[in-house]
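Novice: need a structure here:
(chains A and B)
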Number of protein chains: 2
Amino acid sequence: MVVNYPNGQPFHKVARPGNQQIYARPSQSNRGMHLEDDINAANRYYLALGQAVIHKKPTPIQIVHVDYPARAAAKITEAYFRQASTTDYNGVYQGYYLDFDAKETNNQRSFPLKNIHEHQVAHLKAVSDQAGLAMFLIRFNRLRETYLVDAKLIFKYWNAQQHDRKSIPYSAIKEYGIRIKANLQLALPYLDAVDQLIKLKDTKENC
Amino acid sequence: MVVNYPNGQPFHKVARPGNQQIYARPSQSNRGMHLEDDINAANRYYLALGQAVIHKKPTPIQIVHVDYPARAAAKITEAYFRQASTTDYNGVYQGYYLDFDAKETNNQRSFPLKNIHEHQVAHLKAVSDQAGLAMFLIRFNRLRETYLVDAKLIFKYWNAQQHDRKSIPYSAIKEYGIRIKANLQLALPYLDAVDQLIKLKDTKENC
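Specialist: Residues are numbered from 1 along each chain as shown, chains lettered A, B, ... in the order given. Sure thing, here's the model as predicted:
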C-alpha cells in the first residue's frame, strides 16, 4: 500500500537487512532517491491494476568473477559498473511504447543540461524516430514540482548548448511540460500526464 | 569451468577491467549463446540503420558490497544474481512495442515448456493485454530452424499443461510460428517476421 503524508508527500521506507522496515522521514541526504521511489511505486501500482507494464532497467554490470559455494547461491566477487546505453525506464501503455529517464535538480530557476548524458539523448532521439513516446520526468526538489517533459524540448536545448545557455529555464518546463500532482493513490500518477501528452500529439497530427 | 546465469543461460564473456574484452569461442558446451548472439547482432544492425530500438536488458544483480579504490573504478566485491521479473528483450519498432524472450532446444519434435518460466508468461500476458507485441524466438538447434512465435500460442499450451502435454509440438510451431531465415546482412533478420506478425494481426482485426 502506498502511504502518503496528508500533504501528499510520500512516506519513505528505509529497508534494513532481515525484513525489518522502518519508516523514516525524507531528509536532504537521500532526497535523490525520492523521484525514483515514486516512479517505482507508480509502476507497481499500474502493473497490479493492469494499467501499464513499465519497469526500471537493471544497472548494467560487467561480471568478472563468480564463486560457486556448495549449497549456496552463486556469489559474484568481482564486477564493475558499466555505462548504460539506454534510459532507466521503458514499457508499454495501451499500445504506446514509453521510454523515459528521471531527473532531479535542486536548482529553482533552471534545469542544468549536465544532468543529462549524451547516450540518453541519442537513445531518446532514436525512440522518438520510431514513434515511441520519449520523455523525461523532471523534479524541482525545492519547488516540490515534477513535470513530464517531451524529450523534443530537451533535444532543442541540448542541440543549442554550444552557442547558447547550458540549462533549460524553469519557465520553459512549466510552459511546455505537464505537471504531475499527487492523487489519493499515488505520489506521482504520471500516466495522467502521459494521457495529456498523447492527446497533444494527436491534436498536432490532426491539424 | 562452465559458468551459467541462474536461468540456465551460459555466461561466456570473459571481461577484464580497462575495457579489454575477450570473447571465448562458442563451443558445443555453450551453444545456448548462439541465438542471443544472433539477436544482439540484429539489434545492433537495426539500431545503426535507424530501423528499430531494441535492447537486451541487463541481468538483475543484487549488490551487497562495493569497494572504492583511489584512482580506480568502483569494484563490486559481493553481489548475487536476482530473478528477473520480465523478459530479456524489449523495445520499439515503427510505433509498436516489442517484447520477447529467446529460447533454444536440442529437441527435434517439440519445445519443452520447462524452458519457460512463470514470470515470463505473466509478463508477456500483461504486455499482450496492453496491446504490445508479446513473442518468443524459438530455435531448434539440431534442425537449425528459428521461429518467431506469438506468445498467445505459448499461453495456450502453458495453461493446458496441468491436464495435457508439457511441451509444444514442433508441428504447431512450424504451422503457427513464422520462420526466420538468414539474409545477406543478418543471421537472424527477425523484424521481417515481426512485419508478417503485424500483418496477420491487422488482418484478424479487420475481419
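Novice: going forward, measure contacts between C-alpha atoms and count neighbours the same way
Specialist: OK.
Novice: for residue A:93, name its beta-bridge partners.
Specialist: residue A:96 (DSSP bridges).
Novice: for it, give me the pLDDT.
Specialist: You'll see residue A:93 listed with a pLDDT of 98.
Novice: was I right about it contacting residue A:53?
Specialist: Yes: assessed by C-alpha atoms under 8 Å, residue A:93 is found in contact with residue A:53 at 6.5 Å.
Novice: neighbour count winner among the two?
Specialist: Using other C-alpha atoms under 10 Å in any protein chain shown, the more surrounded residue of residue A:93 and residue A:53 is residue A:53, with 28 against 23.
Novice: run through the bridge partners of the more buried one.
Specialist: The partner residues for residue A:53, given DSSP bridges, come to residue A:92.
Novice: for residue A:62, same thing?
Specialist: When assigned by DSSP bridges, residue A:62 has beta-bridge partners residue A:80.
Novice: residues in contact with it?
Specialist: Listed by C-alpha atoms under 8 Å, 6 or more residues apart in numbering or on different chains, the contact partners of residue A:62 are A:79, A:80, A:81, A:82, B:15.
Novice: residue contacts, the fourth one?
Specialist: Pointing back at residue A:82 there. Neighbours of residue A:82 in contact, by C-alpha under 8 Å, 6+ apart: A:59, A:60, A:61, A:62.
Novice: mean confidence score for stretch A:37-51?
Specialist: With pLDDT averaged residue by residue, stretch A:37-51 scores 98.
Novice: quick one: buried residues of that stretch?
Specialist: A:37, A:38, A:39, A:40, A:41, A:42, A:43, A:45, A:46, A:47, A:51 (16 or more other C-alpha atoms under 10 Å in any protein chain shown).
Novice: sitting in helices, which of those residues do you find?
Specialist: A:37, A:38, A:39, A:40, A:41, A:42, A:43, A:45, A:46, A:47 (DSSP state H).
Novice: need the residues you listed in JSON lines (columns: distance to chain B).
Specialist: Listed next are these as JSON lines, based on distance: C-alpha to the nearest C-alpha, whole Å:
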{"residue": "A:37", "distance to chain B": "17"}
{"residue": "A:38", "distance to chain B": "19"}
{"residue": "A:39", "distance to chain B": "17"}
{"residue": "A:40", "distance to chain B": "14"}
{"residue": "A:41", "distance to chain B": "15"}
{"residue": "A:42", "distance to chain B": "16"}
{"residue": "A:43", "distance to chain B": "13"}
{"residue": "A:45", "distance to chain B": "13"}
{"residue": "A:46", "distance to chain B": "11"}
{"residue": "A:47", "distance to chain B": "8"}
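Novice: where exactly do the helices run in chain A?
Specialist: Counting by DSSP H, the helices of chain A are A:34-48, A:118-129, A:151-160, A:170-176, A:190-206.
Novice: and chain A, which residues reach chain B?
Specialist: A:47, A:50-53, A:57-64, A:73-81, A:90-97, A:126-127, A:129-132 (C-alpha under 8 Å from any C-alpha of the partner chain).
Novice: just the buried subset of these, written out for PyMOL, thanks.
Specialist: A single PyMOL command is used to select the members of the residues of chain A next to chain B judged buried by 16+ other C-alpha under 10 Å:
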select buried, chain A and resi 47+51+52+53+57+58+59+60+61+62+63+64+74+75+76+77+78+79+80+90+91+92+93+95+96+97+126+127+129+130+131+132
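Novice: for chain A, name the helix or strand with the lowest mean pLDDT.
Specialist: strand A:21-24 (a mean of 41; mean pLDDT, DSSP states H and E).
Novice: and the pLDDT at the spatially most central residue of chain A?
Specialist: Central residue of chain A (C-alpha atoms, centre = their mean): residue A:102, 2.7 Å from the mean position. pLDDT for residue A:102: 97.
Novice: and what of residue A:13?
Specialist: Among the per-residue scores, residue A:13 shows a pLDDT of 50.
Novice: could you do the one 3 residues further on as well?
Specialist: On the pLDDT scale, residue A:16 is placed at 41.
Novice: again with residue A:73
Specialist: On the pLDDT scale, residue A:73 is placed at 89.
Novice: so it sits against residue B:79, correct?
Specialist: No: in this structure, residue A:73 is not within contact of residue B:79 by C-alpha under 8 Å, at 10.3 Å.
Novice: what does stretch A:92-105 contact?
Specialist: Against stretch A:92-105 from outside (C-alpha under 8 Å, 6+ apart): A:32, A:35-36, A:51-54, A:87-91, A:111-112, A:115, A:124, A:127, A:132-141, B:91-92, B:95-97, B:127, B:130-132.
Novice: kindly export that stretch (C-alpha atoms) in CSV.
Specialist: Provided in CSV are the C-alpha atoms of stretch A:92-105 (Å, rounded to 0.1, in the frame of the first residue of the first chain):
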residue,chain,number,x,y,z
VAL,A,92,4.0,-0.4,-22.8
TYR,A,93,0.8,1.5,-22.1
GLN,A,94,-2.3,1.0,-24.2
GLY,A,95,-0.2,0.1,-27.2
TYR,A,96,2.2,3.0,-26.8
TYR,A,97,5.9,2.4,-26.2
LEU,A,98,7.0,4.6,-23.3
ASP,A,99,10.7,5.4,-22.6
PHE,A,100,12.0,7.9,-20.1
ASP,A,101,14.6,8.9,-17.6
ALA,A,102,14.1,10.5,-14.2
LYS,A,103,16.0,13.7,-13.2
GLU,A,104,16.1,15.9,-10.2
THR,A,105,17.6,19.2,-9.5
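Novice: and the spatially most distant residue from the centre of chain A, how far from chain B?
Specialist: Residue farthest from the centre of chain A, counting by C-alpha atoms, centre = their mean, is residue A:70 at 39.8 Å. Applying C-alpha to the nearest C-alpha, to the nearest Å, the value for residue A:70 to chain B is 14 Å.
Novice: check contacts around that residue.
Specialist: Contacts for residue A:70 (C-alpha under 8 Å, 6+ apart) come out as none.
Novice: per-residue pLDDT of it, please?
Specialist: Residue A:70 carries a pLDDT score of 88 in this model.
Novice: phi, psi for it please.
Specialist: Dihedral pair for residue A:70: phi -60, psi 140, per degrees, to the nearest 10.
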